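In: pasting the structure only:
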């Protein structure tokens, strides 16, 4: 089954009881049992729900894994995955990582004595230097948020396997339409499904996919025990959004290429980050391991004042948290998505006060280009 077809026909298709082509919203908290412990596959909605199950089967198919899981948010998915580890364990995480991931690793998991340190995983020698006897996993975003660095998934998987580590990949920016980490060797794939997978700024959700049944049982136990599950209506919304993921991702990238061409030539732009640029340090790698470069673009205009001035002038780019929606969104990571990261660390990484991150939507490209041209006038 090819990608566009799989988005429509993957997982559980329709309703066998009524013939409905859309999986129904099973708005039920509990299920009748024939005898104690004897049921039709569902007993309590935290443990399993037919609408959520259909979504979990779909993301399993899209990511080519063994088992899928739907959570109440991307952070709930990350929390559940990190809860696979025990007190005294250590995890290596890429340095340029979403602020929420940094926050939970340094403010929550550390209180459970699960340690993490942050390295530039585009250089696996840095990961080698960071490894400890108690290291259990390598966690990477690729491309990263917000500097769009690309880690070699296959090489990271081989390195992790050689050390007996799990490889966890946050695939939010690329989505399974452009990139599939599990066939490249990843053990777990995570998504903030709030973003591209939902695609319409109307649902908060997280997804995870694992590559083997044993790991699946462990993660299901945690999901059921901790209860951060996705509700049936949001599960239905997310399935509806996924049906058009391929069409949207193609449109996002077409518009992003035009936006990048404008930014690349504009004198107000000091630095530009986009894996589709030949000048990007990991451009060839991005071409090799992904089928597209996506719709996320970051650029630096030199100062907080200039960034604020640009944003005030815009009409079609909405100043907002999040990304991956049909509408174009813009943010200043240092003051929004990555504000939880200490200032000294942000500056060391290159997440400056003048760095702007845009999620290019699917509007008419000419409107977006005109909007940015006005905003960039200094």
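Out: Happy to help now that I have it. Here the structure is a predicted model, which means the values were calculated and not measured.
In: chain center to stretch 292-303, what's the gap?
Out: 16 Å (Cα atoms, centre = their mean, to the nearest Å).
In: my error: substitute stretch 211-225 in the last question.
Out: 20 Å.
In: can you check stretch 30-41 too?
Out: Centre-to-centre, stretch 30-41 and its host chain are 36 Å apart (Cα atoms, centre = their mean).
In: can you pull out the strands in the chain?
Out: Ranges of strands in the chain, per DSSP state E, are 67-71, 90-94, 115-119, 135-141, 166-170, 188-192, 206-210, 271-273, 296-300, 318-319, 329-331, 355-359.
In: could those strands go into CSV alongside distance to residue 230?
Out: All C-beta atoms are positioned from the backbone trio N, CA, C, and that covers glycine. Shown next, in CSV, are the strands of the chain (distance: least, Cβ to Cβ, whole Å):
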stretch, distance to residue 230
strand 67-71, 4
strand 90-94, 25
strand 115-119, 26
strand 135-141, 21
strand 166-170, 18
strand 188-192, 12
strand 206-210, 8
strand 271-273, 32
strand 296-300, 24
strand 318-319, 25
strand 329-331, 23
strand 355-359, 22
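In: of all these, which lies closest to residue 15?
Out: Distance to residue 15, taken as Cβ to Cβ, is lowest for strand 67-71 among the strands of the chain, at 18.4 Å.
In: tell me how far the residue nearest to residue 187 when sequence neighbours are not counted lies from residue 283.
Out: Nearest residue to residue 187, sequence neighbours excluded (Cβ to Cβ, 6 or more residues apart in numbering): residue 166, at 4.5 Å. Separation of residue 166 from residue 283 (Cβ to Cβ, to the nearest Å): 28 Å.
In: more crowded one of these two?
Out: When neighbours are counted by other Cβ atoms under 10 Å, residue 166 and residue 283 differ, and residue 166 comes out ahead with 21 against 16.
In: who's the more buried one bridged to?
Out: residue 137 (DSSP bridges).
In: same question, residue 189
Out: The partner residues for residue 189, given DSSP bridges, come to residue 169, residue 209.
In: was I right about it contacting residue 169?
Out: Yes: between residue 189 and residue 169 there is a contact under Cβ atoms under 8 Å: 5.3 Å.
In: which neighbours do those two have in common?
Out: residue 181 (Cβ atoms under 8 Å, 6 or more residues apart in numbering).
In: among the strands of the chain, which comes closest to residue 307?
Out: strand 355-359 (5.4 Å).
In: could you check the angle that closest one makes with strand 296-300?
Out: 160 degrees (axes from the mean of the first three to the mean of the last three Cα atoms, to 10 degrees).
In: same for strand 355-359, what does it pack against?
Out: If you count contacts as 3 or more Cβ pairs under 8 Å, 6 or more residues apart in numbering; DSSP states H and E, strand 355-359 packs onto strand 296-300, helix 304-313, strand 329-331.
In: work out the sheet partners of it and label each with its direction, please.
Out: Sheet pairing of strand 355-359 (DSSP bridges) gives strand 296-300 (antiparallel), strand 329-331 (antiparallel).
In: okay if I get the ones you listed as CSV plus mean pLDDT?
Out: Shown next, in CSV, are the strands paired with strand 355-359 (pLDDT from 0 to 100):
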stretch, mean pLDDT
strand 296-300, 98
strand 329-331, 97
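In: neighbours around the nearest residue to residue 24 once chain neighbours are set aside, how many?
Out: Leaving aside its chain neighbours, residue 24 sits nearest to residue 15 (5.4 Å; criterion: Cβ to Cβ, 6+ apart). Using other Cβ under 10 Å, residue 15 has 15 other residues around it.
In: try the one 10 residues further on
Out: Look at residue 25: counted by other Cβ under 10 Å, it has 16 neighbours.
In: so it makes contact with residue 51?
Out: Yes: between residue 25 and residue 51 a contact is recorded at 5.5 Å, counting by Cβ under 8 Å.
In: so what sits against both of the two?
Out: Common neighbours of residue 25 and residue 51, counting by Cβ under 8 Å, 6+ apart, are 232-233, 235-236.
In: who wins for neighbours among these?
Out: residue 235 (27 neighbours).
In: who are the contact partners of that one?
Out: 25, 49, 51-52, 54-55, 70, 205.
In: take the residues you listed and keep only those in helices.
Out: Per DSSP state H, helices hold the following members of the contacts of residue 235: 51-52, 54-55.
In: which stretches in the stretch 51-200 of the chain count as helices?
Out: Assigned by DSSP state H, counting those that start in this stretch, the stretch 51-200 of the chain shows helices spanning 74-82, 99-107, 124-130, 153-162, 175-178.
In: tell me which of the ones you listed sits most buried.
Out: Across these, the average number of neighbours (mean count of other Cβ atoms under 10 Å) peaks for helix 175-178, which reaches a mean of 27.
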